[in-house]
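Novice: structure of the sequence below:
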Amino acid sequence: MRYFLTGATGFVGGYLAKLLRKAGHEVVALVRNPSNAGDLAAIGCTLVQGDVSDKASMRAPMTGCDGVFHVAGWYKIGARRRYRAAGTLTNVDGTRNVLELMQELGIKKGVYTSTLAVNSNTNGVLVDENYHFEGKHLSHYDFTKAEAHKIAMDFIKKGLPLVVVMPGAIYGPGDTSSVRTTLIQYLKGKLPMIPRKTALSWAHVEDIAQAHYAAMTQGKIGEKYIIAGPTHTLVDAMGIAHRITGKRPPRAVNPGLLSFLSKFMTLFSWLPLPTDYMPENLRVLAGTTYIGDNAKAKAELGYEPRSLKDGMSTTLWHEMKLLGMVREGERVRE
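Specialist: Numbers count the residues shown, from 1 in each chain. As a prediction, the model looks like this:
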């Protein structure tokens, strides 16, 4: 099969490209700059220069493909207002461009990467695919992905052969998101505190890539699948990290403290604050739960995400190696 892939230079897209090539498929990878495309060419991907914001740049390479994986996305929490236009351009306009082209070219099937963030804070409820959030989103990322999700569902109603997948928190070697930042700060002993109650559905990137492939080969057209991993609070996750590394977990604090800091720091958001102290970043951590039930994906896609303990072990050892930390039994020393 010949697949068109957006976001191939990203975290999930890179793993998916390798998985597709290993399975013997042709991969046409849309990249902004082929010279910065890592090992995509080396593994046999066809690199095409373009961008999801430029519909014309995708027409020729998408033509004749059997399927489309639209993985590309803008992911920034705590981004300053002047940078948020990029989120709308990529997540909203880019998604519309990709799906319009799919429809115009008669592509047989597509998989769109949405997110549990479209559901915002579920307040402790493990929601399924039938849940629909109405209200104000906590971040610009959440908002733009929710708008893109609506676009995808509208195209499905118009008959587009599309499957929507909804990951939760994605982690693993090669991550570039705030999840990795948190783990690095923890390993360096620079994560002073974490909020109680904050919970995520954690999935290793390899499991997420496999779920995308399963959605293409086994997913039912028009369906949504939550491909999140097991749900753990941030406190529990740091406890698991402690048992793996021996490093002391950060202090757990009342989420109300972060809510207060979020409102307080709004007064200073015009200053060049570190991302961690931007009001938006504090707001999305303050006891929020971005969690979802993956039962449908397990039943229909054969999805079996690994435990957080197993996935976090390989991830933390990878990061410690990069930091120059060496393993000593079941503990580490620098």
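Novice: show me where pLDDT drops low in the protein?
Specialist: 76-84, 255-286, 326-334 (pLDDT under 70).
Novice: in contact with the nearest residue to Gln49 once chain neighbours are set aside, which residues?
Specialist: Leaving aside its sequence neighbours, Gln49 sits nearest to Pro34 (Cβ to Cβ, 6 or more residues apart in numbering; 5.7 Å). Quick note: C-beta positions are derived from backbone N, CA and C, even for glycine. Going by Cβ atoms under 8 Å, 6 or more residues apart in numbering, Pro34 touches Ala41, Leu47, Gln49.
Novice: just the strands from the stretch 101-250 of the chain, written as ranges.
Specialist: Along the stretch 101-250 of the chain, the segments classed as strands by DSSP state E, counting those that start in this stretch run 109-113, 162-166, 169-171, 193-195, 199-204, 224-226, 231-233.
Novice: the second one: partners in the sheet, and parallel or antiparallel?
Specialist: Think strand 162-166. Sheet pairing of strand 162-166 (DSSP bridges) gives strand 109-113 (parallel), strand 224-226 (parallel).
Novice: coming back round to it: scan the contacts of Pro34 and report the most crowded one.
Specialist: Ranked by neighbour count (other Cβ atoms under 10 Å), the contacts of Pro34 have Leu47 at the top, with 19 neighbours.
Novice: check the offset of the helix or strand in which it is found from the chain's centre.
Specialist: Assigned by DSSP states H and E, Leu47 falls within strand 46-49. Computed by Cα atoms, centre = their mean, to the nearest Å, the chain-centroid distance of strand 46-49 equals 23 Å.
Novice: so which of the strands paired with strand 162-166 comes closest to Ile184?
Specialist: Nearest to Ile184 among the strands paired with strand 162-166 is strand 109-113; the distance by Cβ to Cβ comes to 24.6 Å.
Novice: output the closest one in PDB with nothing but the alpha carbons.
Specialist: Coordinates of each C-alpha in strand 109-113 appear next as PDB, following Å, rounded to 0.1, in the frame of the first residue of the first chain:
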ATOM      1  CA  LYS A 109      -9.300   5.800   3.700                       C
ATOM      2  CA  GLY A 110      -7.700   8.200   6.100                       C
ATOM      3  CA  VAL A 111      -6.800   8.300   9.800                       C
ATOM      4  CA  TYR A 112      -6.900  11.600  11.600                       C
ATOM      5  CA  THR A 113      -5.000  12.100  14.900                       C
END
